[in-house]
Each structure stands twice: as structure tokens, then as C-alpha cells.
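**Student:** Sequence isn't available, so here's the structure alone:
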């Protein structure tokens, strides 16, 4: 089972819901893995406090030109769509940070002068926290190949566990990479005009990818009715609503889980899981 | 003309509400929304669109099934798993391949290596961008298509257009609403800017994300200012973040308490300054004055 927690708008409570859901399910006796794919700003570790067991350097392939073999024909530069390899005065110049690792330059070079070397873009760490399996990607500052790092983290999905995948905010490439192949996507929003606008974008995205989904409304009493009305009109299930609560906000600020500060919430998260499971069978 | 970019690292800290408040306070500015995959600034500034244009950030491969011989060379060479089997290859329907537009990154490798030239390479429309008028001045913004990429390129385009307008109309400031994170759209929105304002919040997540985003702005050598929003949610953490910011050479120019006016103003489609003349408005005004001073 792979449940991805996503949102158009940032700061709506993705990580709060993902971590509390993971811990509640584990305490109810399930095998659970939490994977933080918000590799630009991963925060799940703050709440789950895992003991890391393994760390991997994640790399992408970038071209290296053997100048002894290069004839300066420029075919590599003409093929490259990302300006990652350009030819100046018959000499190729590589801009590694722009490379998408498509392999085109290597394949097209008639001299076999281009080989692939590895460039580090971030790290992936795996460990455990009180029995919950934990994994996260951490993008290097200045790197842009977030989707490649997310792909690496997702290779660690455990087929025999409930995988709770924490997505980055937004609707562009890193988010798409994260939610691809999920069994279910939970879109977290808040009942404000910004929350509604970004939810509509996120709904467009999951519909385009043809994935089953539902909505979670966090701080459900701070704004207006427009989000709930939109969900009714669109026949989207709202599977959990979490009211605004100073105690939750304060415990969040200290890196504490809701299920620790307000234990009654455990039942609410377990019900959320049951509802998600029944929606995937629909 | 000075260019200011408002970013946050962590999402949901109040970037857009603060950007909109600045729009109210600036006398002679151009506004731009570079948070192109979750753009919200227009919800407060209600722009009247003057010009609308398609955005094409790249090209996309398309396999013509009638030409495809099903050799699978494209599928073997594609590094993005974007080539899928299209026909079953039985006695009735030939085996052919197709491109999954969501996965295709437009690298052109399949187009180049198809032995029967069955793949065309066409400009993909990835979104729309707009030049608009608002009650506070011109605004450049965009709408990225659903599940589209190239958000970095769109950000670069928006900034270029906004700068052009600012120069033509002799504006003294360009105020940009950026996106959360530290990746490609953020890099595209901050490179070469005069200053970045990071809006954070006093939570461990906010602190952690501020540190990462500050490393990014330091790498680019951009003057970085900090606003701690919802500062009273955890005042110890606010002090801690202020000390950390000091140590990192960042200047904290404002501490704004938690206020329901942020949500209420949004619902009224008003900026915080328009919505309330109360203390929150005063604090943002003071922060704005400090910001203008810091920009020089």
C-alpha cells in the first residue's frame, strides 16, 4: 500500500498528517514505512526523530568529454535540449548543473569521446523510529534534480508495508515524481481562498494522473466554507477535518506529534486509514 | 530599480500575504508572482489581464503509430521511462510505442535515434502568462499547465518581463512572490536579485528550512533579510531563530504576531494593510520601512 500525502499549497499540514498517520498505524500493529520525498525541505525527521541506519550518496550521470578523442563536430551540443553541453570554437563545454542525464550526448558522439561520470545531488537516509521504518531524501543546496533524488528514495518502498509518502508542496515535477504509482493520494488543504485555489490545482494534477484521492482539511475552522462546498460539488470525499488548536500549533512548533500531546487523535488517524483503504477499493 | 524576492523555504508561512501587503505600501512598484505552480497573489490583487500569452518551455516527443515499426529502440534509450507499449503486437494490431507526456522531459533522444523517423518533436504548451493591471500597479503572473514542467523557465520569463516593464515605466521597485523550497523555481527567482526576504515561522520546521534556504542565498551572494511570522506561537523559538539568523549574517527586520487578519483579509480579497489599520498593519509598515532602508 502506498499512500501519498500531498498539497498544492505549502504549510497546510502534510507532514503533520503523514507522521501522525504513520505512528498511529504502527501502534495499531501494522508494518509502516514513512518516506519523506519533500527532498528540498524534509521535515518529517523533526517529528519522528529516527535513528539513521544507512546513508547513501545519490548521484546523477553527467557527461565527461575526452578531449583527445573529440573532433569538435558539435553533434552533442546540437542534440542537448538543456544547454548543458555547448560547443565554442569546436570545443565542447559541459555545464553539469543543467544536465538532465538523458544520455543523448554519449549516444550521438561519433568518436565515443563522451563517457558518463557521477555528480552528487543529495543524500538518502534510512533508519527507524520506534518501529516505524523511515526514509528521506535531502537535496544538496544548489542542486536542481529533485525528481532523480525522489525516484531513488521511492526505490525503498516496502511492498509488504503501509508506505506513507510525504510529498513536496506545489504541482510541478517533484510532486508528480512523488505521487506517480501511488495507490492513493490524500490532498491536504486549509479552508482559505489560497487553500482552495491550490487544492483545485492539485485536484487537476491527480485527475490528470488518474489516481484515486480524497481531501483532508486542516485548521478546518479558520476560514470559510468554500473548500467543503467545492469538494461537495466535485464529489470529492473529505476524509478528515482537524480543527485549529493552539495546543497542536505549539506542540508542532516544538517538533512534537499530535498523537503524543492529544492521544485521542490516534483513533481519528486510524479511521482516516480505514476510510482511505475503503476508497481504494471503490 | 531594486528587485526584492519574498521566499520562505517552508511553505505556508505567510509569504503571499506579506508580499500583497508590500504591494499596498510600495508607491511605485511592479509586482510578479513567481510561485508559478501554486500561484495565489492574484487572489488578493485581482489583476485585470491586459495581455495573455502561451508559454512553451520546451518540446515534446510524439510517436506516429502508422510509422512506428515497434523496434523498441526508443524505449531502450529513454532514461525517463516515458515510452510505453501502445499496441499489443498480435495478428490484428501491430506492436507500437507511445510517449507518456507526463514523464517525457523533452530530451529528443528518441527522435534522434528512431531508425524510421517515426517520432516528431513539437513545441509543448506548458502554460500561460499574463501582463495585468492591479490597483497597486502592473503585475506579471502565470498559470502553469496541469502536470507540466519547466517551471524554472517560466519563472525566468516572468522576471524578465516584469523587469522590462519596471524599467520602461521607471518604477523603483520590483516585488516578487517566490515559491517554497530550494529547488529550480526558487533558484530561478532569486539569481541576481538585490535582496531576498525569507518569511519563516517559529517552529522547528521553519528553523530547519530557514537554515537551508539561507545557505542557498549565501551561495548566490544575495543579501538576505528575515521576517518571523506568527512570532508569538513559540517566543523561545523566535528568539532562537533570531540568534541563528544573526550568526548566519541575516538581518531580522520584522517579528509579526499570529493574527486572524491574515485569513480574514484573504477572504475579503484585501491586503493586510487595506483590511486592518490595527497593530498588525503598523508592524508590517515598520518592517517595510526597514526593508526599503536595507535595499538602499
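**Tutor:** In hand now; what should we look at? Since this is a predicted model, take the numbers as computed values, not measurements.
**Student:** the domain parsing of the chain - what is it?
**Tutor:** Just going to use chain A. Per automatic domain parsing, the structural domains of chain A span A:2-58+A:130-280, A:67-112.
**Student:** looking at chain B here, not the other one
**Tutor:** Split into domains by automatic domain parsing, chain B comes to B:2-56+B:127-295, B:58-124.
**Student:** Quick one: mean pLDDT over the shortest one.
**Tutor:** Pointing back at domain B:58-124 there. The pLDDT scores in domain B:58-124 average 90.
**Student:** So what would you say the end-to-end distance of that domain is?
**Tutor:** End-to-end distance for domain B:58-124: 6 Å, by Cα to Cα, to the nearest Å.
**Student:** how about the domains of chain A, which one is nearest chain B?
**Tutor:** Of all the domains of chain A, domain A:2-58+A:130-280 sits nearest to chain B, with 1.1 Å by Cβ to the nearest Cβ. From N, CA and C alone the C-beta is placed, and that goes for glycine too.
**Student:** what's the most buried one of the domains of chain B?
**Tutor:** Of all the domains of chain B, domain B:2-56+B:127-295 has the most neighbours on average by mean count of other Cβ atoms under 10 Å in any protein chain shown, namely a mean of 21.
**Student:** about what we covered before: any chance of TSV for the domains of chain B, columns distance to residue A:130?
**Tutor:** Shown next, in TSV, are these (distance: least, Cβ to Cβ, whole Å):
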stretch	distance to residue A:130
domain B:2-56+B:127-295	18
domain B:58-124	35
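**Student:** ranking these by mean pLDDT, which is last?
**Tutor:** Lowest mean pLDDT of the domains of chain B: domain B:58-124, a mean of 90.
**Student:** Tell me which helix or strand residue B:122 sits in.
**Tutor:** Here residue B:122 is covered by strand B:119-124, with elements defined by DSSP states H and E.
**Student:** quick one: residue A:261 and residue A:249 touch, right?
**Tutor:** No: contact criterion Cβ atoms under 8 Å: residue A:261 and residue A:249 do not qualify, at 10.6 Å.
**Student:** which residues touch residue A:258?
**Tutor:** Listed by Cβ atoms under 8 Å, 6 or more residues apart in numbering or on different chains, the contact partners of residue A:258 are A:16, A:20, A:248, A:251, A:252, A:265.
**Student:** Enumerate the residues of the stretch 101-250 of chain A near chain B.
**Tutor:** Selection of the stretch 101-250 of chain A residues close to chain B by Cβ under 8 Å from any Cβ of the partner chain yields A:101-104, A:107-108, A:139, A:141-142, A:144, A:146, A:168-176, A:180, A:192-194, A:197-198, A:201, A:204-205, A:208-209, A:222-224, A:249-250.
**Student:** Which ones among the residues you listed map onto strands?
**Tutor:** Among these, the residues falling in strands (DSSP state E) are A:139, A:168, A:169.
**Student:** In contact with the first one, which residues are there?
**Tutor:** Each residue near residue A:139 by Cβ under 8 Å, 6+ apart is listed here: A:39, A:40, A:121, A:122, A:146, A:149, B:182, B:183.
**Student:** Contacts for the worst-scoring helix or strand of chain A on mean pLDDT next, please.
**Tutor:** Ranked by mean pLDDT, DSSP states H and E, the weakest helix or strand in chain A is helix A:246-253, scoring a mean of 91. Here helix A:246-253 makes contact (Cβ under 8 Å, 6+ apart) with A:16, A:242, A:257-258, A:260-262, B:201-205, B:233-234, B:237.
**Student:** try 7 Å
**Tutor:** A:16, A:258, A:261, A:262, B:202, B:203, B:204, B:233, B:234, B:237 (Cβ atoms under 7 Å, 6 or more residues apart in numbering or on different chains).
**Student:** Export those residues to a markdown table and append columns for distance to residue B:248 and secondary structure.
**Tutor:** Converted to a markdown table, the contacts of helix A:246-253 look like this (distance: Cβ to Cβ, whole Å; DSSP: H, G, I helix; E, B strand; the rest coil):
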| residue | distance to residue B:248 | secondary structure |
| --- | --- | --- |
| A:16 | 27 | helix |
| A:258 | 31 | helix |
| A:261 | 31 | helix |
| A:262 | 35 | coil |
| B:202 | 16 | coil |
| B:203 | 18 | coil |
| B:204 | 17 | helix |
| B:233 | 22 | helix |
| B:234 | 20 | coil |
| B:237 | 16 | helix |
